[in-house]
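Chemist: Could you look at this predicted model? Sequence included:
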Amino acid sequence: MYQVGNFVKKLSNKHGRERESLMPILQAIVQKHNYLTDEAMVEVARELDISAAEVYGTASFYTFLDTQVKGKYIIRVCKTITCSMKGKSDIIHILEDMLKIKVGETTSDKQFSLIETNCIGWCHKAPAILINEMPYTELTPEKVSAIIKDYMHK
Amino acid sequence: MINLRINDQKVSVQEGTTVLAASKKLKINIPTLCNHDDLCVAGNCRVCLVEQKGARTLIASCATPAAEGMEIHTNTLKVRNARKHIVELLLSEHRSDCTKCYKNQNCELQSLANDFAFGDHVFLDLVEDKKYNIDRSSPSFIKDDSKCIRCQRCVRTCSELQYVSAISVANKGAHQKISSFHDRPMSQVVCTNCGQCVNRCPTGALVEKTYIDQVWDAIYDPEKHVVVQTAPAVRVALGEDLGYDPGERVTGKMVNALRQLGFNSVLDTDFSADLTIMEEGTELLVRLKKALVDGDKSISLPMFTSCSPGWIKFIEHKYPEFLPNLSTCKSPQQMFGALAKTFYAKKRNIDPSKIVSVSVMPCTAKKFEADRPEMRSSGFKDVDFVLTTRELAVMIKQAGIDFRNVEEAGYDTIMGDSTGAAVIFGATGGVMEAALRTAYEIVTGREVPFGNLNITPVRGMDGVKEATIKIEGCVNAWKFLEGVELKVAIAHGLVNANKIMKMTREGKAPYHFVEIMACPGGCIGGGGQPIPTNMEIRKKRMKAIYSEDEHKLLRKSHENPDVIAIYKEFLDQPNSHKSHELLHTHYVERDNF
């Protein structure tokens, strides 16, 4: 476990302690640690002198600010219409098969989380997924298999 | 001034006035839900939509400032249909089990639905799909998300009036809900149980946890001796729920009605409020002596009052380093409870295990306070059940009592006597005034130097009030206070309490004694008081409190004959060993989320 207090303090020194500093601080925590622990949200609330419920309210509004345990690699499969028509379900199947988890779940070794997401703007190269912040497009089950194998060996 | 026309009538209003307020000036009624006089504009329920000539869409009248030359229509077909659909959509997500709802007949959504006289469902009923959560974890209130319309009055109340924000808006769209920190049970978050949100909820989503049935069971149990105590602020507000205008004093009728309900003894929290003054006043003087004369550095000043359980929980969560500054005195409710099952039981020769002690409070936090593990000094739960003013009104209605025609009556003896000093506990500044009336007299042997004992600088609705009283002509025992300028401050509403606490933390609070009440206006504006409560109503209740004080023969706590007697017969003297056992308490640090 990282020293959440120090990390949040450092981020608050960098981004400020105003109400509008909340988003960049939360984003920075998620970027580094994948999701927001309760402990981290309480620390942010303390630094910014706002309530923890408000921090949670803001975090829960944004899909990309997770408040549940997530793996090191968060795979987001676009579920919107273009990707759906271009074979999204095949992508989901191969991912579920390889990772042995269902959509919404995290592998027991906390390496991978599999979730669906709304449009990520790659309709012209559907179907698409995001792994953390990296988009992968024009996918086929074979391509996905190779990509995931890569991540498994990282 | 801004000139506009509403429904073809001319009106002039100050700049910044909303269209809604301008309409009110013309006595044109526009329905609202999320709007509340105590809170900032939200504009999220959309029920107050009106048509503005030349505007592309309907506008929310609560959130639109009046502008020069505006032409507003509040009752066009377009407006009517839009409002109707909005209410229907709200109802499609609202569990409409109205006849079984605690807020039945006292619900703003129900009343709107009634106005529109809906026949059949137009929209699908989504309630069953929503998997709503009902949180019964707090001893003070129930949060039922299936009744929530997400108007966010509670969120604004908790943030703007109380600086707590125990609840916030979480998630978005169809999943939006009012949530505590990470959906924790309300009993496990920073919530102070003040009930201000309950008082402002337009539906049954936030209601007090009621103990009416338990109290009826006790009353009908022939084995039990049921005593009831009534808080000062109840008598100036109860009438509102029973057909009277705000500001009517119904003390005598209330006492008689309680007797008719079947309580074995009707007693007064005002008695223990007077007792609180004796204990707390003495505690303050002792602290001052230790700090000023003995130079004892361990003495914490300013001393904060401890009557308001919402405030106590606030400081336990948010400023635990200042817990030593709190007076160790229990609140009047709990002092009464501890004495009911000891002193009173002995006097009346009743087995304390057979006594059921009930209190009627303007407060929901009192329910939590009575449940605290510290509050069992009598060897039993000192106060068994706490009812709000609203719950007492329900019981009076259930019993079929014609309240208007009830004869006035007086309290029973033994812990039934009180003074005007105790009555004013119900208004912000009241505890301070009562304490000063007594402390000043103890120290100088003279009455406080204010006309007719009315210490006006500590009265009124300012959020933070300050006063300085120079102590002159001390009697021998208190000579060390000669010439001391006693600095006091008063805050009501936790947002104002927070201002004082911030100053204290920064070392900028020059006070000796600070009174803090969790609710705006003090207990008269408590979370358990009749709905609606707003500034106008709070002022009327406050006026009634001071008038009750003026009508009392005795107006200083130390002159209360029951108080004098209890020290003589039972407690010995203020802050005695016995007092500490029964009337004082301690506090615990809590998490700040």
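Modeler: Structure received.

Chemist: B:Thr468 belongs to a strand?
Modeler: Yes. Assessed by DSSP: H, G, I helix; E, B strand; the rest coil, B:Thr468 belongs to a strand.

Chemist: how far away is it from B:Tyr511?
Modeler: Note on B:Thr468: its distance to B:Tyr511, by Cβ to Cβ, to the nearest Å, is 10 Å. C-betas here are computed from N, CA, C, even on glycine.

Chemist: Tell me which of the two has more neighbours.
Modeler: B:Tyr511 (20 against 12; other Cβ atoms under 10 Å in any protein chain shown).

Chemist: so that one, which of the three states?
Modeler: coil.

Chemist: Find residues that contact each of B:Thr468 and B:Tyr511.
Modeler: B:487-488 (Cβ atoms under 8 Å, 6 or more residues apart in numbering or on different chains).

Chemist: For burial, what's the neighbour tally of B:Pro504?
Modeler: I think there's a mix-up here, since residue B:504 is Thr and not Pro. B:Thr504 has 20 nearby residues by other Cβ under 10 Å.

Chemist: Repeat that for B:Cys48.
Modeler: When neighbours are counted by other Cβ under 10 Å, B:Cys48 registers 27.

Chemist: Next to chain B, which bits of chain A? Give me the list.
Modeler: A:38, A:41-42, A:45-46, A:50-57, A:60-61, A:67 (Cβ under 8 Å from any Cβ of the partner chain).

Chemist: Drop the exposed ones from those residues and show what's left.
Modeler: A:41-42, A:45-46, A:50-57, A:60, A:67 (16 or more other Cβ atoms under 10 Å in any protein chain shown).

Chemist: So which of those residues are in strands?
Modeler: For these, not one is inside strands, with DSSP state E as the criterion.

Chemist: Would you point out the most distant pair within these?
Modeler: Spanning the widest gap among those are A:Arg46 and A:Ser60, at 18.9 Å by Cβ to Cβ.

Chemist: Give me the domain ranges for chain B.
Modeler: B:2-90, B:122-207, B:212-271+B:333-405, B:279-329+B:426-583 (automatic domain parsing).

Chemist: would JSON lines of those with distance to A:Thr140 and mean pLDDT be doable?
Modeler: Converted to JSON lines, these look like this (distance: least, Cβ to Cβ, whole Å; pLDDT from 0 to 100):
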{"stretch": "domain B:2-90", "distance to A:Thr140": "44", "mean pLDDT": "97"}
{"stretch": "domain B:122-207", "distance to A:Thr140": "33", "mean pLDDT": "96"}
{"stretch": "domain B:212-271+B:333-405", "distance to A:Thr140": "60", "mean pLDDT": "98"}
{"stretch": "domain B:279-329+B:426-583", "distance to A:Thr140": "55", "mean pLDDT": "96"}
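
Chemist: closest to chain A out of those?
Modeler: Nearest to chain A among those is domain B:122-207 (3.4 Å), distances taken as Cβ to the nearest Cβ.

Chemist: what about the closest one and chain A, any contact?
Modeler: Yes. Domain B:122-207 reaches chain A (Cβ under 8 Å from any Cβ) through B:159, B:164-172, B:179-182, B:189-190.

Chemist: ok, now which residue in chain A is the farthest from the centroid?
Modeler: In terms of distance from the mean C-alpha position of chain A, A:Asp49 ranks first, at 26.4 Å (Cα atoms, centre = their mean).

Chemist: Confirm for me that it is in contact with A:Arg19.
Modeler: No. If you go by Cβ atoms under 8 Å, A:Asp49 and A:Arg19 don't touch, sitting 9.7 Å apart.

Chemist: related to what we said a few turns ago, which ones among the buried ones among the residues of chain A next to chain B lie within helices?
Modeler: Judged by DSSP state H, the subset of these located in helices is A:41-42, A:45-46, A:52-57, A:60.

Chemist: quick one: which of these is nearest to B:Ile350?
Modeler: Once Cβ to Cβ is applied, the member of those that ends up nearest B:Ile350 is A:Ala53, at 46.0 Å.

Chemist: nearest residue to that closest one other than its sequence neighbours?
Modeler: Closest residue in space to A:Ala53, ignoring its immediate chain neighbours: B:Ser168 at 4.1 Å, by Cβ to Cβ, 6 or more residues apart in numbering or on different chains.

Chemist: That neighbour: what's it in contact with?
Modeler: Here B:Ser168 is in contact with A:51, A:53-54, A:56-57, B:155, B:178-179 (criterion: Cβ under 8 Å, 6+ apart).

Chemist: mind redoing it with 10 Å?
Modeler: A:50-58, A:60, B:152, B:154-155, B:158-159, B:177-181 (Cβ atoms under 10 Å, 6 or more residues apart in numbering or on different chains).

Chemist: tell me which residues form a beta bridge with it?
Modeler: With DSSP bridges applied, B:Ser168 shows beta-bridge pairing to B:Ser179.

Chemist: how close does it get to A:Gln27?
Modeler: With distances taken as Cβ to Cβ, B:Ser168 is found 19 Å from A:Gln27.

Chemist: Also B:Gly463?
Modeler: 36 Å.

Chemist: Also B:Ser12?
Modeler: Here B:Ser12 is placed at a distance of 49 Å from A:Gln27 (Cβ to Cβ).

Chemist: Please enumerate the strands of chain A.
Modeler: Ranges of strands in chain A, per DSSP E, are A:73-78, A:112-117, A:129-131, A:134-136.
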